[in-house]
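Participant: can you look at this prediction? I've put the sequence above it.
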Amino acid sequence: MVWLIALGVIVALLVLLAIYDVTQKKRAILRNFPIIGHLRYLLEGLGPELRQYIVTDNDEERPFSRDQRRVVYASAKMENTYFGFGTDNAIDTNPDYVVIRHSAFPHAGNHDDKHRLPVAKLLGEWRDRPQTFRPESIVNVSAMSYGSLSAPAIEAINRGAAIAGFLHNTGEGGISSHHLHGGDLLFQFGTGYFGCRDAEGNFDLDNLVATVADKPVRAIEVKLSQGAKPGLGGVLPAEKVTPEIAQVRGVPVGQSVLSPNSHTAFDDVASLVDFVEEIAVATGLPVGIKSAVGQMGFWNELADHMAATKRGPDFIAVDGGEGGTGAAPLVFSDHVALPFRIAMSSVYKTFAERALHEKLMFVGSGKLGFGQEALVAMALGADMVAVAREAMLAIGCIQAQDCHTGHCPTGVATHGRWLTRGLDPTSKADRMANYIMNLRYDLLKLSWACGVSHPSLVPADTVAMLDTPSTSVPVIDKFGHDAAWTEVDDDQRRTIDELMASFS
């Protein structure tokens, strides 16, 4: 009799716990997997102790290590991001390890600046676009489409953009109602021309103008390729083409959507530049291109053409081969396109040699969602960075690597009704905003440590990499940059200092 009462009490407690789990909104894992989801958090809490004896260390897992995920989660939840007992990185045996050479006289930063960090350049200034503007955030969210991510995930990111003032890149899947929750958009389209296509799938300029006319779109990005699957077109399986996604993309319901691997609206550098200029004239918006980097002939020809004609994109987004939100064949994700550091330095050098580097804005993406990596990107020429998988982690992703299966357990990269209901966009929006603001604050603190007020002012030779266990080398030397390309004169320095003061 006693054991029946005890069993009844246990069952009642489990039922109450299950009810609490499926009704709370902070943790998607618990909403989707009541009761058993607690095991995940228990094991996560015991992780440091377990790893002393078994499993992996803090820096072994890929694509994002345990330490990296921990930083994103803690930043998003506004928890303690400090680590105790010193670094566990093997600094002296790790070639290319990033080292920031701090100043003996740090900058006296304003700790009440609300973590705002604007871009030093104006986007669209070179070509004098009617809607030229200064991006409010040096860190923005990279391209992830509605389709690849769920409706609640897109909404959470956009609500976070409204809170933290960053740009939300739509990805190539068009603009949905889930993108319209107060955040500014960077509208991207690729070879499928979703959101700007005619009935036959060709680019339609009138459709593009109508798409952006009444939306909070600040700039347009033409995607040539991405780090996850450079040289390949996208595939959206038929089961994912819901009526809503079909309406947003302008495609039939329930049919697989295939994006070609190349554009049909242009086929060489000259026609690409004409295409960009046509869009900019029709919309008044700054227009840029995004690409992973492979053969350098294209970039040399583009830079030569732009230098000769004084026409072309307002910004160039360089995606590293280690980028990865899109599902891809392993051989492509592992071996096609240059890693970010080589890609960024190669492209920037190409335009700097033609004196175009100060006119264009450069965007970096590819695992740059950590202070030291973002600062390396800026030392190599980036004016701002964009994050994607780190943003997914901030809104609940646990790196299950089920993005391509439709079974994402946290509801981030799936359209399953039970799984997506676990992701509450309102609470996750706060986490999204917190992560971006904390990353910007990390960049600010690194800048102050180097003696300046803004990351664009950090002397490039202060960002170094270990070359051997006994020597280090500035990244600009390692990648063949001319120091003059990154020098900031006194007038530019005063302008940026005044800009930072106005944002405080």
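Facilitator: Cool, got the structure. Numbers count the residues shown, from 1 in each chain.
Participant: quick one: low-confidence parts of the chain?
Facilitator: Scanning the chain for pLDDT under 70 picks out the ranges 8-9, 41, 43-60, 110-114, 227-229, 231, 237, 239, 324-327, 503-504.
Participant: ok, the residue nearest to the spatial centre of it - contacts?
Facilitator: Closest to where the C-alpha atoms of the chain average out (C-alpha atoms, centre = their mean) is Val387, at 1.6 Å. Contacts for Val387 (C-beta atoms under 8 Å, 6 or more residues apart in numbering) come out as Val139, Asn140, Val141, Ser142, Ser365, Leu368, Gly369, Ile436, Leu439. (Glycine included, C-beta is placed from N, CA and C.)
Participant: what is the nearest of these to Ile163?
Facilitator: Ile436 (8.9 Å; C-beta to C-beta).
Participant: sorry, back to before: specify the beta-bridge partners of the residue nearest to the centre of the chain.
Facilitator: Here Val387 sits in beta bridges with Val141, as judged by DSSP bridges.
Participant: measure it to Val276 for me?
Facilitator: Separation of Val387 from Val276 (C-beta to C-beta, to the nearest Å): 25 Å.
Participant: just Ala484 next, same as before
Facilitator: 28 Å.
Participant: out of the two, which sits in the more crowded spot?
Facilitator: Taking other C-beta atoms under 10 Å, Ala484 and Val276 do not tie; Val276 has more neighbours (22 against 7).
Participant: host element of the more buried one?
Facilitator: Following DSSP states H and E, one finds Val276 within helix 269-283.
Participant: swap in Leu423?
Facilitator: Using DSSP H and E, no helix or strand contains Leu423.
Participant: that one - how many residues pack around it?
Facilitator: Neighbours of Leu423 using other C-beta under 10 Å come to 28.
Participant: is it true that it touches Gly411?
Facilitator: Yes - Leu423 is in contact with Gly411 according to C-beta atoms under 8 Å; the separation is 3.7 Å.
Participant: shared neighbours of those two, which are they?
Facilitator: Ala28, Ser150, Pro152, Ala153, Gly396.
Participant: can you tell me which of those has the most neighbours?
Facilitator: Ala153 (30 neighbours).
Participant: once you drop chain neighbours, what's closest to it?
Facilitator: Once flanking residues are discounted, Ala153 sits nearest to Val412: 4.7 Å by C-beta to C-beta, 6 or more residues apart in numbering.
Participant: the one you found looks like it's in a strand, true?
Facilitator: No - Val412: not assigned to a strand; according to DSSP: H, G, I helix; E, B strand; the rest coil it is coil.
Participant: list the contacts for it?
Facilitator: For Val412, the contacting residues are Ala28, Leu149, Ser150, Ala153, Met392, Ile395, Gly396, Cys397, Leu423, by C-beta under 8 Å, 6+ apart.
Participant: how about the helix holding Val276: buried residues?
Facilitator: Neighbour counts over helix 269-283 (16 or more other C-beta atoms under 10 Å) mark Val269, Leu272, Val273, Asp274, Phe275, Val276, Glu277, Ile279, Ala280, Thr283 as buried.
Participant: what do you get for stretch 353-368?
Facilitator: Within stretch 353-368, the residues that count as buried by 16+ other C-beta under 10 Å are Leu356, His357, Lys359, Leu360, Met361, Phe362, Val363, Gly364, Ser365, Gly366, Lys367, Leu368.
Participant: ok, now stretch 205-217?
Facilitator: Applying 16+ other C-beta under 10 Å to stretch 205-217 flags Leu208, Thr211, Val212, Lys215, Pro216, Val217 as buried.
Participant: and the nearest residue to the fourth one once chain neighbours are set aside, how close does it get to Val412?
Facilitator: What that stands for is Lys215. Leaving aside its chain neighbours, Lys215 sits nearest to Ile175 (5.6 Å; criterion: C-beta to C-beta, 6+ apart). Distance, Ile175 to Val412, by C-beta to C-beta: 19 Å.
Participant: repeat for Ala246
Facilitator: Remark: distance between Ala246 and Val412 (C-beta to C-beta) = 22 Å.
Participant: about what we covered before: wait, doesn't the residue nearest to Lys215 sit right on Ala210?
Facilitator: No - Ile175 is not in contact with Ala210 according to C-beta under 8 Å; the separation is 11.0 Å.
Participant: which helix or which strand is home to Val71?
Facilitator: helix 66-76.
Participant: what helices and strands are in contact with that helix?
Facilitator: helix 389-394, helix 425-449 (3 or more C-beta pairs under 8 Å, 6 or more residues apart in numbering; DSSP states H and E).
Participant: run the chain-centre distance for it.
Facilitator: 15 Å (C-alpha atoms, centre = their mean, to the nearest Å).
Participant: again with stretch 373-393
Facilitator: 7 Å.
Participant: first-to-last residue distance for it?
Facilitator: End-to-end distance for stretch 373-393: 17 Å, by C-alpha to C-alpha, to the nearest Å.
Participant: Arg218: which element?
Facilitator: strand 217-223.
Participant: ok, that strand: who's next to it in the sheet?
Facilitator: strand 185-189 (parallel), strand 287-292 (parallel).
Participant: for these, which one sits closest to Val473?
Facilitator: Val473 lies closest, by C-beta to C-beta, to one member of these: strand 287-292, at 26.0 Å.
Participant: now the element after that closest one, going C-ward?
Facilitator: helix 297-309.
Participant: by contact count, what packs against that following helix?
Facilitator: helix 269-283, helix 340-352.
Participant: residues of that helix that come out buried?
Facilitator: Phe298, Trp299, Leu302, Ala303, His305, Met306.
Participant: ok, so of those residues, who is nearest Ser470?
Facilitator: Trp299 (35.7 Å).
Participant: how about the nearest residue to that closest one, chain neighbours excluded?
Facilitator: Nearest one to Trp299, counting by C-beta to C-beta, 6+ apart, is Thr350 at 4.8 Å.
Participant: before we move on, what about Asp204?
Facilitator: Asp198 is the one closest to Asp204 (C-beta to C-beta, 6+ apart), at 4.3 Å.
Participant: roughly how far apart are the one you found and Ala153?
Facilitator: From Asp198 to Ala153 the distance is 29 Å (C-beta to C-beta).
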